[in-house]
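> have a look; sequence and predicted model below, questions after that.
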Number of protein chains: 2
Amino acid sequence: MNPSSTFQEIGAWLDQYESFALLSHVRPDGDAIGSQIALGFALEAAGKKVRLINEDGLPDNLAFMAGADRIETPPAEPLEVDVVIALDTATKPRLGAKVLDAVGHCERWINIDHHKSNPGYGNLNHIDDSSPATGQILYNLIQALKLPMPDETRDAIYVAVSTDTGSFQYPGTTAATYEMAADLTRKGLDVGKINSLTYDNHPMRRVELMRSLLNTLEVKADGRLAHWELTWETVERLDLKPEDSEGLIDIVRAIQGVIVAVFFEELHDGKIRVSMRSKDRRIDACKVCMEFGGGGHSLAAGIRMAGPLSDAKEKVLAAVERELATL
Amino acid sequence: MNPSSTFQEIGAWLDQYESFALLSHVRPDGDAIGSQIALGFALEAAGKKVRLINEDGLPDNLAFMAGADRIETPPAEPLEVDVVIALDTATKPRLGAKVLDAVGHCERWINIDHHKSNPGYGNLNHIDDSSPATGQILYNLIQALKLPMPDETRDAIYVAVSTDTGSFQYPGTTAATYEMAADLTRKGLDVGKINSLTYDNHPMRRVELMRSLLNTLEVKADGRLAHWELTWETVERLDLKPEDSEGLIDIVRAIQGVIVAVFFEELHDGKIRVSMRSKDRRIDACKVCMEFGGGGHSLAAGIRMAGPLSDAKEKVLAAVERELATL
C-alpha cells in the first residue's frame, strides 16, 4: 500500500486541477452517496467542474438528499476529467465495471476511504480506518483545506456519518463524530427533518421483506448464531430493490445472546451474497468471510460466493460455529 | 407556575441538606431511570445520602445500566429525607400513589423536568422544555455546580438522552446535545458498548412479537391506513412483557404513504388497547380516539375499549377511514 497522503497533498491536486469525477461503490449506501455529494458540492462551490458517477445510480431510499439528482450512471463513452476521486470504496473493482470502462484511462486517482482493507489503489491515498465513515474524513478534509461547505455538503456529511454509525451508536463513533454533528447542527442542519427523511420513509415492500425475513429466522449454537435468508423468488415476488434490505440485519444483531448474525441473499445469477455481523471483538467476521473470498471489517463483513443457497448456508454457518466454539 | 429556579438555588439545597429521595414517573423509560441514577450517583459521590425510588421499580430493559440495582420500589413506611427530587415527571400524580404515600409528607421538593406541561409542583422548579431530555438538564446542572461525575452518572446521562431523542434523531436534539455526547465520550464512555446494551439487546420474544405483528399487517384506504394486531393468545404463547412492544408501531408509521398507523392489542381481561399514530397534522388521532373514550396527543393517541377484537377493529378503522376521507 502506498503511504497515506496528507490532506495538504490531496488539497494541492484539488487546487491545481479543474475537472473531477467522484465515484463510490456499487450498491451505494448513505456513506457512498453522501460522500459523493459532500465533496462534489464543496468542490463545485470552489469553482471546479464535477461529475458524480455511480455504477448503480441513485438508490430510491437516498433520493431525498439535496443534490442527489446529480448522481448519474456511467456514460457509455470514456470520460475526460483531470482527476478521478474514489470514495468509500475498498477495492477498485467495487467501483463497478461500467465505471471503470468510463474512467479507467484517467491518469490521476485519489482514493479516500475508511476501510482498513483498502490496498491504496490511487496515486494519492488517504485511508483512515479510525473514522467511522468516509463522510467524517471528508468533513476533516474540508475543514483542513478550508473548502466551502454548502448546505448540500453539510447535510450529506450528516447522512453519510449517521447511516454508517447506525445513528451514532456503533463502536467507531468517537467524540470527534459527535463534535462534527454539533458543528453541522450549528451550521443550520435540520436534525429532525433529515433523520425523518433518512429513517422514517420506507416503501411498503421493505416491510414485506422484513416479514419474509423474520419468517426464515433461525437460531443456532445455543442462541449465539442467528441467520435469515432471502430467495431470488422473494426478491421477484416483492419487486425488491437492492437498498430495501439495508440495515435489516440489525434486527437479528439486536437479539439478546446473539454474537454473530448472518444474512444470506440469493442473487439473480444464482450467486449468494452473505452479510455477517459480529457483536464480539473476539469473533472476527472479516476473517471468517475471507475464508470464502470475502472481506470487510472485523464486526461487519461480507462474501459473494457460489450457490446454491443451501450449500452456502451450510459452509458459512459451519465456519461461524467453529469460531464460536473458540470462545 | 413558580418561576424557574436557577441551578445555583438548587445547588444551595443540594449543598445544605444531607438526605435525598430521587423519584421519576410510573412506567419509567430511559430518561426517567437514567435521570435518577445520574443525579443520585453524583450526589452520593459528593457525600450525600440518596434513595432512588420508582413506583414500578426497574424495568428489565434498563437492568443493564450501571447503578440500576439501586432503583427500589416505594417503602411501605413513610420515608424521612430532607429533600425530595422529582425528575422527568410532568405532574405529581405521575409519580405514583405508593411513592406519594411514602414521601408526600416531605416539606422540601425540587422538581426538574423538560415537559412543557409541568405546572411546577415543587418548592424549587427547573423546567426546561428546550432540553430534549431531563438527562441533558442534569448534565448542565452537574457541570454548573461542579458536582462529581462518576461513571454511573456519565453513562446514565447518555442513556437518558439517547433514548429520549431516538438516538440523537428527534427534532429536539440540538448542537448542545451532540456536544454533551462528545464530552461524555471524552470522559471515557464506551459508545459501542452502551448502545449495544441499550438497543441491541432485545429478548428473542420481542423479535418473535415483531414477526407475529408483521404477519397480521394490513393496509387500507389506498395505503394510507395500516394496522396490525396482537391477540392475548400470542401474548401468552410468547410470554410477552409490557415493554416488549415498545416502539414497534414505528415500523408501521415509517411506511411510505401511510398516514395513520393503528395497533390493536387484546388484554388479559378481553378489553382492547388501541395505539394510534398520525403522520399528518390534518388527521387528529386524539379526536378519533376520544370518540371511543380514549385520548392523547394529536399525532399519538390511544383507547382502552370493549372487545372482542374484531368489533373494536371494525369500529375504529371505520372512524379512521371517515377522517381520511376528509383529506
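Arrived safely. Numbers count the residues shown, from 1 in each chain, chains lettered A, B, ... in the order given.

> from memory A:Met180 sits against A:Gln136, does it?
Yes: using C-beta atoms under 8 Å, A:Met180 is in contact with A:Gln136, at 6.2 Å. All C-beta atoms are positioned from the backbone trio N, CA, C, and that covers glycine.

> can you list residues touching both of the two?
Common neighbours of A:Met180 and A:Gln136 are listed as A:Ile157, A:Val161 (criterion: C-beta atoms under 8 Å, 6 or more residues apart in numbering or on different chains).

> out of those two, which sits in the busier spot?
Neighbours were counted for A:Met180 and for A:Gln136 using other C-beta atoms under 10 Å in any protein chain shown; A:Gln136 has more, 27 against 22.

> what sits against that one?
Applying C-beta under 8 Å, 6+ apart to A:Gln136 gives the contacts A:His114, A:Ile157, A:Ala160, A:Val161, A:Ala176, A:Thr177, A:Met180.

> now intersect these with the helices, please.
The helices, defined by DSSP state H, take in A:Ile157, A:Ala160, A:Val161, A:Ala176, A:Thr177, A:Met180 from those.

> can you list the low-confidence ranges for chain A?
Within chain A, the segments meeting pLDDT under 70 span A:1-3.

> which SS class is A:Phe20?
Three-state assignment for A:Phe20 (DSSP: H, G, I helix; E, B strand; the rest coil): strand.

> partners of it in the sheet?
Beta bridges link A:Phe20 to A:Val50, A:Val83, judged by DSSP bridges.

> what's it in contact with, if anything?
A:Leu14, A:Gly40, A:Leu43, A:Lys48, A:Lys49, A:Val50, A:Arg51, A:Val81, A:Asp82, A:Val83, A:Val84, A:Ile85.

> any idea how far it is from A:Thr134?
Distance of A:Phe20 to A:Thr134, given as C-beta to C-beta, to the nearest Å: 16 Å.

> could you do A:Thr216 as well?
Applying C-beta to C-beta to A:Thr216 and A:Thr134 gives a distance of 32 Å.

> more neighbours, these two?
Set A:Thr216 next to A:Thr134 and count neighbours by other C-beta under 10 Å: A:Thr134 wins out with 30 against 13.

> tell me if I'm right that that one and A:His114 touch.
Yes: between A:Thr134 and A:His114 there is a contact under C-beta under 8 Å: 5.2 Å.

> who touches both of these two?
A:Asp88.

> what's the closest non-adjacent residue to A:Glu266?
A:Trp232 (4.3 Å; C-beta to C-beta, 6 or more residues apart in numbering or on different chains).

> correction: A:Asn123
A:Trp109 (5.2 Å).

> coming back round to it: I'd say the residue nearest to A:Glu266 and A:Lys271 touch.
No: between A:Trp232 and A:Lys271 there is no contact under C-beta under 8 Å: 10.1 Å.

> now the helices for the stretch 151-300 of chain A?
Here the stretch 151-300 of chain A has its helices, by DSSP state H, counting those that start in this stretch, at A:151-164, A:175-186, A:191-199, A:204-214, A:232-237, A:249-253, A:285-290.
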